[in-house]
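Trainee: I'll drop the sequence and a predicted model, then ask my questions.
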Amino acid sequence: MPIVNSEVSGHVVDAAIQVHTALGPGLLESAYEACLAVALRKRGLRVERQVPMPIVFDGTRINVGYRLDLLVAQEVVVELKTVKRLLPIHHAQILSYMRLGRHPVGLLLNFHVPRMRDGIVRLAN
């Protein structure tokens with residue numbers, strides 16, 4: 001039986017808490033991304049990093065440099081941040097990625113927080 005996206009997002013949240021507990025806040029986004037990918041792969045999940053996200057306009061596929069930080073199990077988009085606070089533009093960014101890739105679930109993870117639970121936003125398309 002395949003893992004459904006709520007189970008996948010649960011694994012991502014648990015792994016993010018594990019990574020944050022081990023490393024704490026204050027590192028670069030790329031460090032958290034690499035460690036989160038390792039933690040998720042150890043859980044048996046397929047993880048792709050820096051996945052190109054083209055735009056299709058008027059029937060033409062255009063590669064403009066957008067990239068998903070992580071795509072987990074080919075369905076959950078994970079966008080990592082290391083900012084003082086999440087802004088509406090961060091929510092808009094992940095929602096756009098979810099819409100463009102037709103992915104049902106997204107997780108916006110901000111590692112620049114004292115407690116990781118305060119830096120997790122789950123979004124559904």
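Mentor: That came through, no problem.
Trainee: going forward, measure contacts between C-alpha atoms and count neighbours the same way
Mentor: OK.
Trainee: OK, contacts around the spatially most central residue of the chain?
Mentor: Central residue of the chain (CA atoms, centre = their mean): Val78, 0.9 Å from the mean position. By CA atoms under 8 Å, 6 or more residues apart in numbering, Val78 lies in contact with 68-72, 106-109.
Trainee: among these, which lie within strands?
Mentor: 68-72, 106-109 (DSSP state E).
Trainee: helix or strand: which one has His103?
Mentor: For His103, there is no host helix or strand (DSSP states H and E).
Trainee: ok, now which ones touch it?
Mentor: So His103 contacts 75-77, 97, 125 (CA under 8 Å, 6+ apart).
Trainee: what of Gln74?
Mentor: Applying CA under 8 Å, 6+ apart, we find Gln74 in contact with 46-47.
Trainee: from Met53, how far out is it?
Mentor: According to CA to CA, to the nearest Å, Gln74 and Met53 sit 13 Å apart.
Trainee: Three-state assignment for the residue nearest to the centre of the chain, please.
Mentor: strand (DSSP: H, G, I helix; E, B strand; the rest coil).
Trainee: give me the pLDDT for it.
Mentor: Listed pLDDT for Val78 reads 98.
Trainee: got it, and Val64?
Mentor: We have a pLDDT of 87 for Val64.
Trainee: C-terminal to the helix or strand of the chain with the lowest mean pLDDT, which secondary structure element comes first?
Mentor: For the chain, the helix or strand with the lowest mean confidence is strand 55-57, at a mean of 89 (criterion: mean pLDDT, DSSP states H and E). Using DSSP H and E, the helix or strand that directly follows strand 55-57 along the chain is strand 60-62.
Trainee: nothing else from me, thank you.
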